[in-house]
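Undergrad: I'd like to go over a predicted model; first the sequence, then the structure.
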Amino acid sequence: MRGLFVTATDTGVGKTLVSTLLVRGLMSRTIPAIHFKPVQSGFITVNGTEYPADLAFSRSLIEPEGDLDAYCKKRSLFAFRMPVSPDFAAEKEGKSIDPAAIVARANELASEHLLITEGAGGVAVPLAPNYLMADLIADLGQPALIVARPGLGTLNHTYLTVDHLRRRGIGIAGIVVSGYDAGDISAERNLRMLAEMNGLPLLGILPRILGLDTERPGWVTPEAADALQERFDWPRIIAAIGA
Ligand SMILES: Nc1ncnc2c1ncn2[C@@H]1O[C@H](COP(=O)(O)OP(=O)(O)OP(=O)(O)O)[C@@H](O)[C@H]1O
Ligand SMILES: [Mg+2]
């Protein structure tokens, strides 16, 4: 399936920020992209109603005038209240995650849009018995884009993520680093090492934005998002997506 599967080395690394900017950037290039977040644990409250947190954030920068409820319904499938591992969040609500339903919805959306699918956590997050996030990436047949942290620990986490995806035969478009701080003693070297160790291109380097909180829709202004989108290697991304 065309598009990208945005995964990361861990939870809270920057997938929602990156997915949102990718969709905006593609749309500004007249490519009809959509942020698909099939599995979400964690809601936020907007005007007294609960919504899946990541979609509430992306909507604030992608369709700020549109109806939030309709925006989320179209783009989410298994959304749970508790901010814990998705399989556990589902169990707590007496539900389960059906991977076949995710693939079916993805196919529906893909008839009109280029899918930027956002995972939850990293590649080995359990979704159902004997079924990990990497199995979903393989079933969707999308190339993975890995969001990585810039600092200490990222070489190990990113290498393990790449290794796991490659063992499963999943293609990897490249790496995006989120939270880059030029003042960090190892940051610049880490960028070089991330590319070298994994034989992958860096598709974007997003700077550290002090105070960023993706659980606060509207915190990132459209002007700030435009500037961040400049940090992506668009020709490479568009080639990887097959747009
Ligand atoms: N470039 C950045 N600058 C500063 N903080 C960042 C940056 N990228 C990510 N963060 C921090 O990480 C948090 C989580 O980011 P984001 O929601 O994009 O991660 P995620 O990988 O989508 O998480 P989840 O697994 O919950 O979906 C942000 O609220 C922010 O605190
Ligand atoms: Mg997210």
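TA: Now that the structure is in, tell me what you want to look at. Numbering: from 1, shown residues only. Ligands and ions are numbered 1, 2, ... in the order given.

Undergrad: CA only for contacts and neighbour counts going forward, please
TA: Fine.

Undergrad: Got the confidence number for the spatially closest residue to residue 136 that is not a sequence neighbour?
TA: Distance criterion C-alpha to C-alpha, 6 or more residues apart in numbering; nearest residue to residue 136, sequence neighbours excluded, is residue 99 at 6.8 Å. Residue 99 carries a pLDDT value of 98.

Undergrad: distance of residue 99 from ligand 1?
TA: 18 Å (C-alpha to the nearest ligand atom, to the nearest Å).

Undergrad: got it, and residue 97?
TA: From residue 97 to ligand 1 the distance is 17 Å (C-alpha to the nearest ligand atom).

Undergrad: Check residue 106 too.
TA: For residue 106, the distance to ligand 1 - C-alpha to the nearest ligand atom - is 18 Å.

Undergrad: Next: residue 32.
TA: With distances taken as C-alpha to the nearest ligand atom, residue 32 is found 21 Å from ligand 1.

Undergrad: was I right about the residue nearest to residue 136 contacting residue 138?
TA: No. Contact criterion C-alpha atoms under 8 Å: residue 99 and residue 138 do not qualify, at 11.2 Å.

Undergrad: So which of the two has more stuff around it?
TA: Neighbours were tallied for residue 99 and for residue 138 using other C-alpha atoms under 10 Å; the higher tally belongs to residue 99 (21 against 17).

Undergrad: Just grab the bridge partners of residue 40 for me.
TA: When assigned by DSSP bridges, residue 40 has beta-bridge partners residue 79.

Undergrad: Could you tell me the model confidence score at it?
TA: Listed pLDDT for residue 40 reads 95.

Undergrad: and it, what does it touch?
TA: 52, 54, 76, 78-80, 86, 120 (C-alpha atoms under 8 Å, 6 or more residues apart in numbering).

Undergrad: same thing with residue 193?
TA: Neighbouring residues of residue 193 by C-alpha under 8 Å, 6+ apart: residue 155.

Undergrad: Surely it is in a helix?
TA: Yes. Counting by DSSP: H, G, I helix; E, B strand; the rest coil, one finds residue 193 located in a helix.

Undergrad: Next, format the contacts of residue 40 as CSV and append pLDDT and distance to ligand 1.
TA: Converted to CSV, the contacts of residue 40 look like this (pLDDT from 0 to 100; distance: C-alpha to the nearest ligand atom, whole Å):
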residue, pLDDT, distance to ligand 1
52, 94, 10
54, 96, 6
76, 97, 13
78, 97, 13
79, 96, 12
80, 95, 12
86, 95, 10
120, 97, 5
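
Undergrad: And the furthest pair within those residues?
TA: 54 and 86 (14.0 Å; C-alpha to C-alpha).

Undergrad: part of a helix, is residue 56?
TA: Yes. Using three-state DSSP, the secondary structure at residue 56 is a helix.

Undergrad: Spit out the contact partners of it.
TA: Taking C-alpha under 8 Å, 6+ apart, we find residue 56 in contact with 44, 68, 72, 217.

Undergrad: residue ranges with poor pLDDT in this structure?
TA: Applying pLDDT under 70 to the chain flags the ranges 243.
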